[in-house]
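**Q** Pasting the sequence and the predicted coordinates here, then a few questions.
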Amino acid sequence: MKKTLIFSVMLAVSASSWAQTAVIKGKFHKLLPNGRETQEVFFSKPEDGEIQVILPMVKSRQDQIFRGEVKKEDLNTIRYVGVFDEQYAVYLKAGEELNVDAGDGQIVYSGNINKENQVFADWYKMIKPLRNYGYTKDGYRLPSAGYLKIIDSLKAPVEQFIKNINTGNTAFDKQAKYFLTYSYKYDVIIPTASGLNIGKKDEYPESLVKFYNDEKWTDANIWNLPMGYHYMLYFAFVKHIIYNSKQGMAADMLIPEISNKELKAKFIVAQAERGANMNFVQYLERNEQYMQTNQQRDKMKAMLKRARMQQPGGDWIDFSYPDATGKMHKLSENLGKVVLIDVWATWCAPCLKEQPALEELEKSFEGKDVVFISLSIDTDKAKWQKMVEEKKLSGLHLFTNNQGSVVSDYEVTEIPRFILFDKNGKTVNINAPRPSEAKLKTLIESTLKGENLKTK
């Protein structure tokens, strides 16, 4: 009797939990750049112009099926399932189980197809001909005449479809109408951005030229879409680089066209955070003026400080790290001396290979105004300390725990990394030669003589 009661309680708890979640599962065909099939599918939500993965779902090895349980906070709102730029809208309610079979720009919904998901099912079926150009492996090689014919034929049906969305779910209807409007625009842009050749500028149809010229970027809500950032970037690339045959960075050409101040600031910051500019310092200096919030201004100032530091003559960014005894050492304590920073780790074979040459280099500058600081990005302090002591490594050795300025400001992603500063705390080389290369010694000697000094 007691066992039966416990089992009944367990069933009740399980049913209660199920009633507050939903399940999404199915197949998703997507080839990676290396030609292999992706082994993960992502359930995501929009955030900051792109997508934030809520739930990564690994395909089973047996049947390549993915499955995920969607939590309460992600129900009754539009979410997305997909891989990279290929995303599909879904709308789940508590207790539902939705199956999808997707890939190459197409999706089939089955299982619990609620009225909201039926909207998406009908939508993707309607625009299937267009998505063949943007999401299939060789879509960009299809005749451009077919692409132009399709977008002309879809214009009226798309407008009518969006206008007629009426599920009775007011919040969904409003959200879906906005999303699908830009989803269609995105799908129009993708083929040309992927390499579809329309022809010469005067061969572009008037409808497509009008499409390029009509977008004034007046709506800040674009940034709430899962493809907001990429839509803007691809649009700029197609309009300015492909259609208008301009040279330069597409983002730089787009910024003056963004009418909405909030949207402009967010796009500028997003582009800056990706460092996707030929002259990063000039990009930041030119666009600082467009920031709208203190948070944006602080971000731009921090990025500008890092960017300037990385250029010869830029100011170093101070840091403070402990040695083996726990004593803190600041970089700024070495003003008046040439400083060579060595970023390394105990597990890094190339780093250890450079150690004899580094010690030899240190000996050659004994008694001179040159300081050697080794920053370990180890996270195992005991292991680091043991190696430093047992090998009697020379120079000043500090432990970063792979945190702080060496990671954030100096953006160290590969080691060994050597950074040289002059006596005034100015950057000489943010990626200096290795000690095993004779040119590092030559560079230090010329810096010591003041040949590389950059004064304010």
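**A** Yes, it's here. Numbers count the residues shown, from 1 in each chain.

**Q** Centroid-nearest residue for the protein?
**A** Compute the mean C-alpha point of the chain, and by C-alpha atoms, centre = their mean the closest residue is Arg274, 6.7 Å away.

**Q** Look up how far Gly195 lies from that one.
**A** 22 Å (C-beta to C-beta, to the nearest Å). To be clear about C-beta, it is placed using only N, CA and C from the backbone, and glycine gets the same treatment.

**Q** And Thr427, by the same measure?
**A** 39 Å.

**Q** higher neighbour count, those two?
**A** Applying other C-beta atoms under 10 Å to Thr427 and Gly195 shows that Thr427 carries more neighbours, namely 22 against 10.

**Q** I'd like the distance between the more buried one and Val339.
**A** 10 Å.

**Q** any idea which helix or strand of this protein has the worst average confidence?
**A** Within the chain, no helix or strand scores below helix 2-19, which has a mean of 50 by mean pLDDT, DSSP states H and E.

**Q** Can you name every helix or strand that the next helix or strand after that one contacts?
**A** Following helix 2-19 in sequence order, the next helix or strand is strand 22-29 (DSSP states H and E). Strand 22-29 makes packing contacts with strand 66-70, strand 78-83, strand 97-103 when contacts are defined by 3 or more C-beta pairs under 8 Å, 6 or more residues apart in numbering; DSSP states H and E.

**Q** Can you list the strands that strand 22-29 pairs with?
**A** Partners of strand 22-29 in the sheet, by DSSP bridges, are strand 66-70 (antiparallel), strand 97-103 (parallel).

**Q** Dump the ones you listed into TSV; add mean neighbour count as well.
**A** Shown next, in TSV, are these (neighbours: other C-beta atoms under 10 Å):
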stretch	mean neighbour count
strand 66-70	19
strand 97-103	19
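
**Q** Columns distance to Tyr184 on top of these, output as JSON lines?
**A** What follows is these, written out as JSON lines (distance: least, C-beta to C-beta, whole Å):
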{"stretch": "strand 66-70", "distance to Tyr184": "26"}
{"stretch": "strand 97-103", "distance to Tyr184": "18"}
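
**Q** Ok, which of these comes nearest Ile54?
**A** Between Ile54 and those, the tightest spacing by C-beta to C-beta is seen for strand 66-70, at 8.0 Å.

**Q** Distance from the chain centre to the closest one, please.
**A** The chain centre lies 24 Å from the centre of strand 66-70; the measure is C-alpha atoms, centre = their mean, to the nearest Å.

**Q** Rounded mean pLDDT for it, please.
**A** Per-residue pLDDT values across strand 66-70 average out to 96.

**Q** go on, stretch 367-386?
**A** Confidence over stretch 367-386, taken as the mean pLDDT, stands at 94.

**Q** And stretch 152-163, by the same measure?
**A** Here the average pLDDT along stretch 152-163 is 96.

**Q** Same question for stretch 294-307.
**A** The average pLDDT within stretch 294-307 is 93.

**Q** And that stretch, what's buried?
**A** 296, 299-300, 303-304, 306-307 (16 or more other C-beta atoms under 10 Å).

**Q** CA-only coordinates of it, as PDB, when you get a sec.
**A** Below are the C-alpha coordinates for stretch 294-307, written out as PDB (Å, rounded to 0.1, in the frame of the first residue of the first chain):
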ATOM      1  CA  ASN A 294      26.200  55.600 -20.200                       C
ATOM      2  CA  GLN A 295      26.700  51.900 -20.600                       C
ATOM      3  CA  GLN A 296      27.400  52.300 -24.300                       C
ATOM      4  CA  ARG A 297      29.700  55.200 -23.700                       C
ATOM      5  CA  ASP A 298      31.700  53.200 -21.100                       C
ATOM      6  CA  LYS A 299      32.000  50.200 -23.500                       C
ATOM      7  CA  MET A 300      33.300  52.400 -26.300                       C
ATOM      8  CA  LYS A 301      35.800  54.100 -24.000                       C
ATOM      9  CA  ALA A 302      37.100  50.800 -22.800                       C
ATOM     10  CA  MET A 303      37.400  49.400 -26.300                       C
ATOM     11  CA  LEU A 304      39.100  52.600 -27.500                       C
ATOM     12  CA  LYS A 305      41.600  52.400 -24.600                       C
ATOM     13  CA  ARG A 306      42.400  48.800 -25.600                       C
ATOM     14  CA  ALA A 307      42.600  49.600 -29.300                       C
END
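
**Q** what's the offset of that stretch from the middle of its chain?
**A** 18 Å.

**Q** Ok, stretch 315-331 next?
**A** 31 Å.

**Q** Go through it and flag the buried ones.
**A** 315-317, 319, 321, 329, 331.

**Q** Kindly report the same for stretch 384-394.
**A** Those buried within stretch 384-394 under the rule 16+ other C-beta under 10 Å are 384-385, 387-388, 393-394.

**Q** Please, where are all the helices along the stretch 151-300 of the chain?
**A** Listed in chain order, the helices of the stretch 151-300 of the chain (DSSP state H, counting those that start in this stretch) span 170-193, 206-214, 228-236, 250-254, 261-273, 280-287, 294-309.

**Q** from the chain's centre, how far out does the fourth one sit?
**A** Counting by C-alpha atoms, centre = their mean, helix 250-254 is centred 18 Å from the centre of its parent chain.

**Q** and it, what other elements does it pack with?
**A** Using 3+ C-beta pairs under 8 Å, 6+ apart, the elements in contact with helix 250-254 are helix 228-236, helix 261-273.

**Q** Does anything pack onto the first one? Which helices or strands?
**A** Think helix 228-236. strand 50-58, helix 170-193, helix 250-254, helix 261-273.

**Q** quick one, what contacts Val343?
**A** Going by C-beta atoms under 8 Å, 6 or more residues apart in numbering, Val343 touches 374-375, 377, 406, 410, 412, 415-419.

**Q** if we take those residues, which one ends up nearest to Glu116?
**A** Closest to Glu116, out of all of these and judged by C-beta to C-beta, is Val412, at 46.9 Å.

**Q** Surely that closest one forms part of a helix?
**A** No. Assessed by DSSP: H, G, I helix; E, B strand; the rest coil, Val412 does not belong to a helix; its assignment is coil.

**Q** Just give the nearest non-adjacent residue to it, would you?
**A** Leaving aside its sequence neighbours, Val412 sits nearest to Val343 (C-beta to C-beta, 6 or more residues apart in numbering; 5.1 Å).
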